[in-house]
Every structure is written in structure tokens, then in C-alpha cells.
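J.: sequence below, structure please.
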Amino acid sequence: MSADEQRAGIWRRVRQVHRRAFDRLRSAISEDYSYRDLRGVDWGERFAKLGAGLCSSRTAIEFAEKAAVMLGPARDIHLWLRVKGQMLPTHRRCVGRNVNLGLLPKVVPAWRQHNPVVASGRFAGGIAYLCLRAWPPNAPEQLQPAFRLVRRAAAQRLQLIIDVRANGGGAEPLAARFAGRFISRTVCYAKHLRRRHGRLVGPVARWLKPSAVRWRFQGRVAVLVGPGTVSSCESFAMMMRQLPACKLIGQRTAGASGNPKPVALGNGVVLFMPTWWDMELDGACLEGRGLQPDVEVDAASGLAAGRDPVLETAVELLRRQPARR
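T.: Numbering: from 1, shown residues only. Down below sits the predicted model:
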């Protein structure tokens, strides 16, 4: 066999591998992608138009890059690919936050940065402040300062501001552990559907249970939210809004929650794909819509002037409503 024939044989085998990967990708999107129909993408046309290009890829990385472009119209940050340790997003959000992280140490009294995830402070009038940047699944110990602060605030009967305007999500069970410190009975906070074999099935209710501790935080709570409140942190906001003594303050959250799971395509590429259709208790879809706060605050002009209108509104609200005794 000549060298040209050997190269041709190798190329045929590569195409066969990518062809099978393309078929798995098409099947996954068609059958199990929870938001397949949300944004009106004609997936049949999309796969027909771009499929030949994917199948002719010479490497797994090239295949993944082309697949990321093909999946782009879904506008879904929880839909991405991984190849050789590299993550390839299919969509990037370009929105402004309603918080200036560099400003917070200047406007929050007694600011303390405990670690990259947790910071705290204390306002006059018995108001504790807690900033949470994530619900880190691989480093849950980083949240320990937050648990301790909430316990101290409960013992001192303080009111509490929880700032999650720059919290990109993480582990929803970890968020539930934290939120469980604020309730005394099990409550339903959200629902979701799952896509199976081309059909949405459910809904399944998600429940928040009280934490197995002897104390509860019973004061008033303001949770600061905005476009930077994403994914599992939106679930946290839905948990906290079940508390009668809690108000969400700020702007709409990101509206991006997918519970993505991996799908191996067989050519070295792994597709991460949303598996649920997240909903509020009234059945409203969270994706692309987000949560509307109880108190809406336009922060743009204030932040430009070196102020934090969302935080100011929360402090004023809590000062007008003294802590429960």
C-alpha cells in the first residue's frame, strides 16, 4: 500500500469517527436538550447546513470549534464543549452588572475580605452585610466564614444584607445548605421539567429543607440581585424569596439555569448540555427571563457617581423596618 493510500485510509477513519460524533451531537440536541425549542432555532436546518463541515474536521479541536459555532444561536451559556482540557463556549453574555466590586470596600463599613468568595461588613443600626461571589462546588469550605457570620448575626438579632449581585452560581445543594439556616419548615421554591426522548416531562418540585442546626436566623433579610446573579444563585434567590421577612432588591437576574450534564461524543469532544427547563413556582420559565426583584433599583447613574444605589436602598429599607425581637 502506498503512502497516499495509507493517508487516504486514515482520513476515511477520521471522517467516520467525526460522523458518528456528529450523529450523537444531533441526537442529543434533538432528544434531550431541555431548551431546544426555547429560542425558535430550526435545528434540522442548522445541522443540515453545517453538518458536512463538522464531519470533515481533521482534529477533535476543529470539530469542537465548528460545533460551538453551530450551537451559537441557542444563546445558552450552559451549552458548551470540552476537548483536551479546553472549554469552548457556544455563547458569551455581554451585560453590565449593577454592582462595582471595587467600590464595595469603600462604601461598606468594617469591610473584611475573608477569601475570594466571602466578604463582610457592618452598618450602623444593627445591619450585617455579607457578599457571596459563588457557591463553590470544589471548595465548599470557603463559605465557612459566611455560615459563622449568619450565626453571630442571629445571636445578636441583627438584620442582614446578602449581596449576590456578582455571584455566578455553582452548587445549588450548597446554596440550599446556606438558605436552610433561615427557615424552620420545608418549603417549595422552584420547579423544573426535563427533556427525555424528545418530550418535556414533569414538573418536578424542588424543596428547601431546614438545616439540622439548633439556631435559625429570624431577622429581616435583603438579598441584592442583578444581571450578575446567575444559575444556581438564581435558585438561591428563589429559596430566599420564600421567607416573609426577605426582600429581593436590585434588577432582574441573568435568567440562565440549565443543570448541564456531559455527553461524550466519542471523538474526544464532550458536550455539556442543559438537562432541565427551570421554572418559578407559577410555572414561568427562568431561562432568558430571570427573576424580577421585589424592589427594583436602577443603579447605573449612581455607580457612575461613586455610589451604590442598590445597597443604599437595602440599608434604608432595613432601617425603616426594625429587626424582629
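
J.: for residue 91, give its distance to residue 118.
T.: Distance, residue 91 to residue 118, using Cβ to Cβ, to the nearest Å: 29 Å. Every residue, glycine included, has its C-beta placed from N, CA and C.

J.: repeat that for residue 53.
T.: 46 Å.

J.: looking at the two, which one has more neighbours?
T.: When residue 53 and residue 118 are compared for neighbours, residue 118 comes out ahead with 21 against 15, by other Cβ atoms under 10 Å.

J.: ramachandran angles for that one?
T.: Dihedral pair for residue 118: phi -120, psi 130, per degrees, to the nearest 10.

J.: again, but for residue 121
T.: According to degrees, to the nearest 10, residue 121 has phi -170, psi -180.

J.: quick one: contacts for residue 158?
T.: Applying Cβ atoms under 8 Å, 6 or more residues apart in numbering, we find residue 158 in contact with 126, 127, 128, 219, 323.

J.: next one: the nearest residue to the second one once chain neighbours are set aside from residue 221, what distance?
T.: Residue nearest to residue 127 in three dimensions, not counting chain neighbours: residue 159, with 4.9 Å by Cβ to Cβ, 6 or more residues apart in numbering. Computed with Cβ to Cβ, the distance linking residue 159 and residue 221 is 7 Å.

J.: next one: residue 321
T.: Taken as Cβ to Cβ, the span from residue 321 to residue 221 is 11 Å.

J.: who has more neighbours, these two?
T.: Comparing residue 321 with residue 221 by other Cβ under 10 Å, the one with more neighbours is residue 221, at 23 against 13.

J.: now do the closest residue to that one other than its chain neighbours against residue 189, distance only.
T.: In space, and not counting its chain neighbours, residue 221 is closest to residue 246: 4.3 Å by Cβ to Cβ, 6+ apart. For residue 246, the distance to residue 189 equals 12 Å [Cβ to Cβ].

J.: now swap in residue 20 and tell me
T.: Using Cβ to Cβ, we find residue 20 at a distance of 41 Å from residue 189.

J.: the two: who's more crowded?
T.: Taking neighbours as other Cβ under 10 Å, residue 20 and residue 189 compare with residue 189 leading, 21 against 14.

J.: for the stretch 201-325 of the chain, which segments count as strands?
T.: Listed in chain order, the strands of the stretch 201-325 of the chain (DSSP state E, counting those that start in this stretch) span 221-225, 246-250, 260-264, 269-274, 276-279, 295-296.

J.: sheet partners, orientation included, of the first one?
T.: Strand 221-225 pairs in its sheet with strand 159-163 (parallel), strand 246-250 (parallel), by DSSP bridges.

J.: next: the last one.
T.: Applying DSSP bridges, strand 295-296 is found paired with strand 246-250 (parallel).

J.: grab the most central residue of this structure for me.
T.: residue 231 (1.6 Å; Cα atoms, centre = their mean).

J.: what's the closest non-adjacent residue to residue 90?
T.: Setting aside the residues directly before and after it, residue 90 is nearest to residue 71 in space (Cβ to Cβ, 6+ apart), at 4.2 Å.

J.: next one: that neighbour, what pLDDT does it get?
T.: For residue 71, the pLDDT comes out at 97.

J.: distance-wise, check it relative to residue 32.
T.: Applying Cβ to Cβ, the value for residue 71 to residue 32 is 14 Å.

J.: quick one: which of the two has more around it?
T.: Using other Cβ under 10 Å, the more surrounded residue of residue 71 and residue 32 is residue 71, with 26 against 18.

J.: list the buried residues in the host helix or strand of that one.
T.: Using DSSP states H and E, residue 71 sits within helix 60-71. Under the neighbour-count criterion of 16 or more other Cβ atoms under 10 Å, helix 60-71 has 60, 61, 63, 64, 65, 66, 67, 68, 70, 71 buried.

J.: now do stretch 125-136: distance to the chain's middle.
T.: Between the centre of stretch 125-136 and the centre of its chain there are 18 Å (Cα atoms, centre = their mean, to the nearest Å).

J.: list the buried residues of the lengthiest helix in the chain.
T.: If you go by DSSP state H, the chain has its longest helix at helix 3-32. Within helix 3-32, the residues that count as buried by 16+ other Cβ under 10 Å are 14, 17, 18, 21, 22, 24, 25, 26, 28, 29, 32.

J.: which is the next helix or strand following it?
T.: Counting by DSSP H and E, what follows helix 3-32 is helix 43-55.
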